[in-house]
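[1] structure, please.
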Amino acid sequence: MKTYSLNQLGRYPIYLKLLKEFFDEGVNVVSSPLIAKRLGYSEEQVRKDLQNVASEVGRPKKGREVKQLIEDIETFLGYRDSTSAVIIGVGHLGAALLNFPSFSEMGLEILAGFDTDPKLLWTRVGGKEIFPVAMLKDILPRLNAHIVIIAVPASAAQSVAEQAVASGAKAIWNFAPTHLDLPDNIVVEDVNLASSLAVLSHRLNVALAKEEKK
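    Residues are numbered from 1 along each chain as shown. Model prediction:
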């Protein structure tokens, strides 16, 4: 089985977005050099990335079919297989995630939300019912949802994550700004907004410095 670096995996959604833009523009065939130029990647990097997921061999100097590449990348990323999830924490961030329409395009179906706020319980957010966190152990197995999205404060994240695992969760998508200590067989993906902002700020400072030198 092939292994992929986190950076490499992170590039495939970017390729997919660009390819869909090409498709909407009526472009049927695309080359690695064109993709590299649009995204600022090296041609060799793009070529290798596409070779790893493409179902058809690329044609030198002719490129690859855009529609087929879209299908190949969606299949590789699992977007064509619906995966069920629930959200714990339906504050501003959790509510935004429940209302985010593009998850379905990525093969993710959020079935319900969980919270402890009495004002939120038994209401609907984004069309999804909000249950008490205390009912997670009863409801999660019934929904057959293997992914639990955590959008609670850092102070509550570890406890909530442990509760999710005890309820049958196989993967945790963690939006809380803290490290989770969970069993090795549980897949954990941290969304670190602070790190992303730091990268953005650094790149902005570099860009501004270049402009000042002109």
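
[2] so Ser84, which state does it fall into?
    strand (DSSP: H, G, I helix; E, B strand; the rest coil).

[3] okay, the closest residue to Gln51 other than its chain neighbours: pLDDT?
    Once flanking residues are discounted, Gln51 sits nearest to Gly58: 6.9 Å by C-beta to C-beta, 6 or more residues apart in numbering. Quick note: C-beta positions are derived from backbone N, CA and C, even for glycine. On pLDDT, Gly58 comes in at 73.

[4] before we move on, what about the one 4 residues further on?
    Among the per-residue scores, Lys62 holds a pLDDT of 79.

[5] give me the number of residues near it?
    Neighbour count of Lys62, defined by other C-beta atoms under 10 Å: 9.

[6] now the phi/psi pair for it, please.
    Torsion angles at Lys62 (phi, psi; degrees, to the nearest 10) stand at phi -120, psi -30.

[7] what mean pLDDT does stretch 73-89 have?
    Mean pLDDT, computed over stretch 73-89, is 88.

[8] stretch 172-189 too?
    For stretch 172-189, mean pLDDT is 96.

[9] tell me the contacts of the residue nearest to Gln51?
    Applying C-beta atoms under 8 Å, 6 or more residues apart in numbering, one finds that Gly58 lies in contact with 32, 47, 50-51, 64.

[10] quick one: which of those is nearest Ala209?
    Taking C-beta to C-beta as the measure, Ala209 sits nearest to Ser32 out of the contacts of Gly58, at 31.2 Å.
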